[in-house]
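*Asks:* predicted structure and sequence below. I'll ask about it afterward.
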Amino acid sequence: MKNVITKELLDNAFSYESYKALVQKLIAENRTTGINQSEANIYFTKLNAERTKRIEKTAVIDEKFRSEVEKIDHPVVFLVIAEAWCGDVAQNLPVISLIAELNPKIELKIILRDENEKVMNAFLTNGARSIPVCVLLDGESFEVLGKWGPRPETAMSLMREYKKIPGISHEEATKNIQLWYANDHCQNIQKEFLEMISRINKPREILI
């Protein structure tokens with residue numbers, strides 16, 4: 001793991017603002033991130049940029065959660081693996097950014113999945129290269145303190161159930177997941193990050 005996550009990797013990673021600037025540049029060029037430059041991925045990149053703006057304006061941080069994040073007293077890095085065309089990235093990355101802004105000890109870094117195969121392969125979800133993944137790191141040793149993603153567990157369970165339904169398309173299942181996000185109002189991701197951060201705030205404990 002130490003060979004995968006390095007200071008050089010983090011130094012070259014995007015900040016949240018530089019990631020958004022990249023996305024806007026690619027949209028203007030009718031392109032997207034990643035190796036798949038399909039019309040569908042370009043369309044979803046544009047759609048996701050609007051989703052991101054909406055979530056930034058409407059997400060509400062729970063006060064109990066805010067209090068726990070503010071207790072972090074040592075440097076922590078949130079390393080997010082993302083791509084601009086991914087709907088789950090658009091739903092969750094703005095919230096992760098808002099969480100990072102709650103405490104100056106937290107630094108948010110973003111890397112692109114298709115450009116960082118070794119890192120992605122170190123944090124697979126059930127063998128799949130699902131994104132986003134947020135890896136919580138000690139900001140000094142780069143020790144892995146936790147991993148979250150690619151979506152809240154309730155949404156992951158719903159997707160597993162949709163896959164069991166005969167005849168339901170991936171597009172329909174994805175649409176239903178997006179509706180779930182709209183009704184959840186960013187609450188489940190906060191609950192899951194609260195659990196990880198509460199454990200980080202205890203004496204040093206490796207989570208994964």
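*Replies:* Nice, thanks for sending it over.
*Asks:* so residue 78 sits in a helix?
*Replies:* No - Residue 78 is assigned strand when assessed by DSSP: H, G, I helix; E, B strand; the rest coil, not a helix.
*Asks:* need phi/psi at the residue lying closest to it once chain neighbours are set aside.
*Replies:* Leaving aside its sequence neighbours, residue 78 sits nearest to residue 108 (Cβ to Cβ, 6 or more residues apart in numbering; 4.8 Å). From N, CA and C alone the C-beta is placed, and that goes for glycine too. Main-chain torsions, residue 108, degrees, to the nearest 10: phi -100, psi 130.
*Asks:* now do residue 91
*Replies:* phi -80, psi -30.
*Asks:* any idea which residue sits dead centre in this protein?
*Replies:* Centroid-nearest residue in the chain: residue 132, 4.0 Å away (criterion: Cα atoms, centre = their mean).
*Asks:* coming back round to it: in contact with the residue nearest to residue 78, which residues?
*Replies:* 15-16, 77-78, 80, 96-97, 100 (Cβ atoms under 8 Å, 6 or more residues apart in numbering).
*Asks:* how close does it get to residue 85?
*Replies:* Going from residue 108 to residue 85 by Cβ to Cβ, to the nearest Å gives 20 Å.
*Asks:* now do the strands in the protein.
*Replies:* Secondary structure of the chain (DSSP state E): strands located at 76-82, 106-112, 133-138, 144-148.
*Asks:* select the longest helix from the chain.
*Replies:* Longest helix in the chain by number of residues, with DSSP state H as the criterion: helix 39-58.
*Asks:* which strands or helices does that helix pack on?
*Replies:* Counting contacts by 3 or more Cβ pairs under 8 Å, 6 or more residues apart in numbering; DSSP states H and E, helix 39-58 is packed against helix 16-28, helix 87-100.
*Asks:* can you check the pLDDT for the residue nearest to residue 78?
*Replies:* Predicted confidence (pLDDT) at residue 108: the value is 98.
*Asks:* kindly report the same for residue 167.
*Replies:* For residue 167, the predicted pLDDT is 81.
*Asks:* likewise residue 130?
*Replies:* 96.
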